[in-house]
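K.L.:
my questions are about this predicted structure, shown below with the sequence.
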Amino acid sequence: MIRLQNLTLQRGPQRLLEGAELTLHPGQKAGLIGANGAGKSTLFALLRGELVPDGGDCQLPPDWRIAHMRQEIDTLDRLAVDYVLDGDVELRRIQRELAAAEQTHDGNALARLHTELDNVDGYSADARARKLLAGLGFANEQMTLPVSSFSGGWRMRLNLAQALMCPSDLLLLDEPTNHLDLDAILWLEDW
């Protein structure tokens with residue numbers, strides 16, 4: 001459960017929230033609407049643990065996995081599908097450890113890691129990433145192009161796919177429909 005109690009949040013001299021109260025239970029969906037500069041992204045940064053409140057309380061379960069849509073891209077040399085797969089940090093950890101265990105021929109580690117890979121649905125990860133990309137309007141041949149080959153709007157779609165790829169208890173999407181056409185917006189709503 002997310003619980004904000006008497007929350008005050010400000011950036012510099014500007015007070016964004018004062019005495020805010022909110023309770024969201026697991027499984028509930030909420031939208032946050034406000035003008036530019038009203039503090040939506042700042043509230044998301046607070047929920048991600050990047051900021052502390054100026055007053056009051058912000059409580060989230062400590063074991064929750066939080067996924068969010070980044071607003072920038074810094075790995076332009078990655079292939080689009082790999083960039084999306086990078087959203088699942090646990091999958092990538094297991095894959096790295098699996099590669100190391102294969103090099104050292106560590107049978108016990110291989111068995112354990114293949115079980116972990118199965119538990120995170122890792123064998124279908126590439127297909128799931130490609131399905132996300134297709135839903136957001138990417139053609140099959142675009143999925144293996146480097147991120148640097150895409151315009152800013154398409155890179156934002158990659159960020160959205162990466163966030164959706166991440167298993168999470170809390171999914172924070174900051175302006176997710178910017179740069180989406182109607183078909184992609186409808187797909188996202190169904191997703």
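P.N.:
Perfect, I can see it now. Residues are numbered from 1 along each chain as shown.
K.L.:
contact partners for V52?
P.N.:
L46 (Cβ atoms under 8 Å, 6 or more residues apart in numbering). Bear in mind the C-beta positions are built from the backbone N, C-alpha and C, glycine included.
K.L.:
any idea whether it is helix, strand or coil?
P.N.:
Following DSSP: H, G, I helix; E, B strand; the rest coil, we place V52 in the coil state.
K.L.:
need phi/psi at it.
P.N.:
In terms of degrees, to the nearest 10, the main-chain angles of V52 are phi -120, psi 150.
K.L.:
before we move on, what about H25?
P.N.:
Torsion angles, degrees, to the nearest 10, at H25: phi -90, psi 150.
K.L.:
so what's the residue count around it?
P.N.:
8 (other Cβ atoms under 10 Å).
K.L.:
would you mind measuring from it to L170?
P.N.:
Computed as Cβ to Cβ, to the nearest Å, the H25 to L170 distance reads 12 Å.
K.L.:
with G39 instead?
P.N.:
Between G39 and L170 the computed distance is 18 Å (Cβ to Cβ).
K.L.:
more neighbours, those two?
P.N.:
The residue with more neighbours, out of G39 and L170, is G39; 20 against 16, by other Cβ under 10 Å.
K.L.:
tell me the contacts of the more buried one?
P.N.:
Residues in contact with G39 (Cβ under 8 Å, 6+ apart) are 9, 11, 16-17.
K.L.:
okay if I get those residues as CSV plus distance to A111, neighbour count and pLDDT?
P.N.:
Putting these into CSV (distance: Cβ to Cβ, whole Å; neighbours: other Cβ atoms under 10 Å; pLDDT from 0 to 100) gives the following:
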residue, distance to A111, neighbour count, pLDDT
L9, 48, 23, 91
R11, 50, 14, 86
L16, 51, 19, 89
L17, 50, 21, 89
